[in-house]
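Q: fold the following.
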Amino acid sequence: MAFLQPALLYALPAVLIPLIIHLLHRRRFQEKSWGAMRFLREALEEKRGRRKVRHWIVLAMRMLAVAMLIVAMSRPLIGGWLAGWAGSGDRSITIVMDRSTSMERKLPGGLTKREIALHTLTETLSQVNPSEVWLLDQPLHKYSNLATQFSPTDAKADLPAMLMKAFQNWTRTQQTNGEIWIASDLQATSWRAEDAAAWADVEAAYSKLDSGPTLRVLSIQGGKPNRSIRCEMDQRQLIVTIQQETAATQTIPVTLKQGDQTTNKDVTLSGKTTTLTLDMPSEGVVIGEISLPEDGNARDNTTHFVFANETRPTVAIVCENPNVEALLSLAVSPTSAVDITREATWQDEALIIWQGRTPDTNEMDAYLAEGGQLLVIPDEQAATKTSEPGLPIMHWSQDEGPLRDTRSGESLPLHNLRTFRHTTVTGDTLASLATAPWLSKENGTYFLATLPLTSWSTLGEGPILLPLVQRLLTEGQKRFSQVHVREAGQAPWQAGIWPNANGWDITVRPVAEDDPKEARVSSLGNLPFQEFAMEAKPQGNDALNEWWRPILFLGLLFLLAEGLLTRMPSPKRSITSAA
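A: Numbers count the residues shown, from 1 in each chain. Sure thing, here's the model as predicted:
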C-alpha cells in the first residue's frame with residue numbers, strides 16, 4: 001500500500017486518545033469499602049466478565065474509527081497506476097510520451113489513446129505533487145502543459161532511444177529519488193520488441209544509475225476497427241495500398257483529389273491488403289491526395305502524392321565484356337526509356353554499373369553522398385570459387401533493399417537462382433549463399449559476387465537481374481526528382497505536401513505505423529517495469545486506485561458499532577437474599 005499524503009500518518013498515535021480519556025475517567029472515582037455492598041458485589045461478580053469484554057470492544061471501536069480517519073486522510077493507494085508510490089513532494093518524474101500515429105486510434109469511449117494518456121497523467125500530477133517534472137518525447141524539457149507539449153504526430157516512436165535519453169537526464173540532473181512514467185499503446189515497432197541488442201543497451205544503462213528510478217508503464221491498448229492507406233509514385237502511376245485488420249471482403253468509398261477536382265470510387269477490399277493502380281495524366285504537375293472514410297484512426301486515412309515532369313534517367317555501364325554489357329543494358333532499359341553511356345561522369349547518372357575495381361575519387365564519394373547508386377560486379381579475372389551443381393541463395397533481405405518483396409508481398413524467386421562461380425565481397429550482407437555473401441553493401445556501394453553469364457550463374461535469365469537493376473535505378477533517380485519523399489520524424493511532424501525552392505517535399509507516415517502488433521513489456525529486457533493497463537475511457541482519478549472512500553466508510557461502521565454497543569441495555573440482574 002502507498003499513500004499520496006504519507007505525512008498525515010504521523011498522526012496515527014492519536015488512536016490512543018480514547019484510551020487516554022478512559023484512563024483519566026477512571027481516576028475520577030475512588031473505591032471505599034462499605035459493609036452492606038459486600039453482598040451485592042458477590043451477587044454481581046459473575047456478570048462482571050461479560051461487561052468487561054463489551055467495554056473493551058467499545059474502546060477498540062473508538063480507536064479503530066480514529067485510525068481509519070487518519071488513514072483515509074492520507075489517501076492510500078492499493079495497486080493501480082501508482083502502486084508503491086513512496087511519498088509526494090520529494091520525487092521527480094520524467095514523462096516519456098509515445099506520440100506515434102497509432103496513439104491517435106480511438107477507443108470505444110470516443111477519445112484517442114493519446115488523449116486518455118494525457119488525461120490520466122494530468123490528473124495524477126495534480127495529486128502527487130512531485131518535486132519536478134521532465135517531459136520527454138523528442139526534445140527534453142521542463143513541465144509546462146501536457147496537452148500543448150504532447151500534440152499528435154504522424155511519426156513513429158523509438159522507446160529504447162527515449163528511455164536512454166531519460167536515463168541520461170537522470171544522471172545529468174543528479175536525481176536520486178524519482179520515477180519514469182511511460183505512456184504508450186505498446187506497438188511492437190515503436191518498442192523495437194525484436195531488437196534484443198537495443199534492449200540490452202537499455203538494461204545496461206539502467207543498471208549503472210544510482211538509485212534507479214521506478215519505471216511505470218501506462219498502457220492503452222485495443223481500439224475501434226481501423227484501416228490504413230498509403231501510396232507510391234511509379235512513373236505516372238499511383239500505386240495505392242489499403243490495409244485492414246481482418247480478411248473480410250467489403251466495399252468502401254475512396255476519395256481522390258487532384259487539384260480542385262474530387263472523385264469518389266468504390267473499392268472492394270479482399271484480404272488484409274488490397275493494392276490499386278491508378279493512372280495519372282502523362283504530362284504536367286499533378287498534386288493530390290487519396291483518403292478513406294472515417295474509422296478508428298483519422299491520421300492514417302489520407303496519403304498524399306505529387307507527379308512532376310521528370311528528367312530522363314541516365315545509366316553508365318562500365319564493362320569490358322560485351323555479353324555482360326548487353327544483358328545489363330536490357331535490364332536497365334527494357335523499353336528504351338533510359339539513356340545508357342559507357343563512361344561515368346559521376347554527376348549525371350542515376351545508376352553506375354562498374355565491373356572490377358572502382359576508382360578511389362572524390363567525385364565518386366560525392367556521387368554516393370548525393371544518393372547516386374553504384375553496383376560493382378566482379379572482374380572476370382578475379383579469384384573465384386566454383387561449384388558445379390550450382391549454389392542456391394540461402395538467405396536474403398526481404399523487407400528492404402533491392403531484393404525486397406514485391407508490393408503484393410511476394411518474394412523474388414531467388415531460391416531458383418544458381419551460382420557456379422563467385423568472388424568474395426565485403427560489407428553488410430543482403431543475400432548469401434550457404435558459406436559466402438552473394439550481395440552486400442558497404443559505404444553506399446552494392447557489391448555483387450557473380451556475373452550474369454551462363455558460366456557464372458543463372459542471373460542472366462532475368463527474374464532477379466531485372467528487378468535488382470530497376471530498383472537501384474529508381475532509387476538513384478530520386479536525386480534528380482522535383483519530388484522528395486521522406487518519413488515524418490523530423491520537422492514537420494505531420495504528413496503532407498510542402499513546397500520548396502526546387503519542387504515539393506512529401507512527408508509520409510512511417511510504414512511501421514501500419515503494423516498493429518503489440519509488444520509484451522515483460523519480454524523487453526530485464527527491467528523492473530510496472531505496467532498498468534488503462535481502461536477505454538478515463539474515470540477521474542480511478543487510475544490512481546485510491547481507497548480512502550472505503551476506508552472512511554469502514555471507520556463509520558466502527559463508530560456505528562460503538563454506538564450500538566454503548567446503547568445496548570444491560571442484562572437484568574437478579575439478587576437472592578439469604579433469609
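Q: ok, and the closest non-adjacent residue to residue 341?
A: Leaving aside its sequence neighbours, residue 341 sits nearest to residue 316 (C-beta to C-beta, 6 or more residues apart in numbering; 4.9 Å). Heads up, the C-betas are built off the backbone N, CA and C, glycines and all.
Q: which helices and strands does the helix or strand hosting the one you found pack with?
A: Secondary structure from DSSP states H and E places residue 316 in strand 314-318. Contact here means 3 or more C-beta pairs under 8 Å, 6 or more residues apart in numbering; DSSP states H and E; on that basis strand 314-318 packs against helix 322-332, strand 339-341, strand 351-355.
Q: avg pLDDT for the shortest one?
A: pLDDT averaged over strand 339-341 equals 91, rounded to a whole number.
Q: now for that strand, which elements pack on it?
A: With contacts taken as 3+ C-beta pairs under 8 Å, 6+ apart, strand 339-341 sits against strand 314-318.
Q: may I have the strand it packs on as PDB, with CA atoms only?
A: The C-alpha coordinates for strand 314-318 follow below in PDB (Å, rounded to 0.1, in the frame of the first residue of the first chain):
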ATOM      1  CA  THR A 314      21.000   8.100 -67.400                       C
ATOM      2  CA  VAL A 315      22.900   5.000 -66.600                       C
ATOM      3  CA  ALA A 316      26.600   4.300 -67.100                       C
ATOM      4  CA  ILE A 317      27.700   0.700 -67.700                       C
ATOM      5  CA  VAL A 318      31.400   0.400 -67.500                       C
END
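Q: and the angle from it to strand 351-355?
A: 0 degrees (axes from the mean of the first three to the mean of the last three C-alpha atoms, to 10 degrees).
Q: so what strands line up beside strand 314-318?
A: Counting by DSSP bridges, the strands paired with strand 314-318 are strand 339-341 (parallel), strand 351-355 (parallel).
Q: just name the most buried of the ones you listed.
A: strand 351-355 (a mean of 24; mean count of other C-beta atoms under 10 Å).
Q: pLDDT (mean, whole number) over that one?
A: Strand 351-355 comes out at a mean pLDDT of 95.
Q: check which helices and strands the helix or strand following that strand sits against.
A: Sequence-wise, the next helix or strand downstream of strand 351-355 (DSSP H and E) is helix 362-369. Helices and strands touching helix 362-369, by 3+ C-beta pairs under 8 Å, 6+ apart, are strand 373-377.
Q: what pairs with the strand it packs on, and is each one parallel or antiparallel?
A: Strand 373-377 is paired, per DSSP bridges, with strand 351-355 (parallel), strand 445-448 (parallel).
Q: orientation of it relative to helix 362-369 in degrees?
A: Going by the same axes, to 10 degrees, strand 373-377 makes 110 degrees with helix 362-369.
Q: tell me the helix or strand right after strand 373-377.
A: Next along the chain from strand 373-377, counting by DSSP H and E, comes strand 385-392.
Q: can you give me the buried ones in that next one?
A: Taking 16 or more other C-beta atoms under 10 Å as the neighbour-count basis, strand 385-392 is seen to contain the buried residues residue 391.
Q: low-confidence ranges in the stretch 201-350 of the chain?
A: Judged against pLDDT under 70, the stretch 201-350 of the chain has no low-scoring part.
Q: dump stretch 178-185 to PDB, restricted to CA.
A: The C-alpha trace of stretch 178-185 is given here as PDB (Å, rounded to 0.1, in the frame of the first residue of the first chain):
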ATOM      1  CA  GLY A 178      12.200   9.600  -8.800                       C
ATOM      2  CA  GLU A 179      10.200   7.800 -11.400                       C
ATOM      3  CA  ILE A 180       9.900   7.500 -15.100                       C
ATOM      4  CA  TRP A 181       6.300   7.300 -16.400                       C
ATOM      5  CA  ILE A 182       5.800   5.800 -19.900                       C
ATOM      6  CA  ALA A 183       2.500   6.300 -21.800                       C
ATOM      7  CA  SER A 184       2.200   4.100 -24.800                       C
ATOM      8  CA  ASP A 185       0.000   1.700 -26.700                       C
END
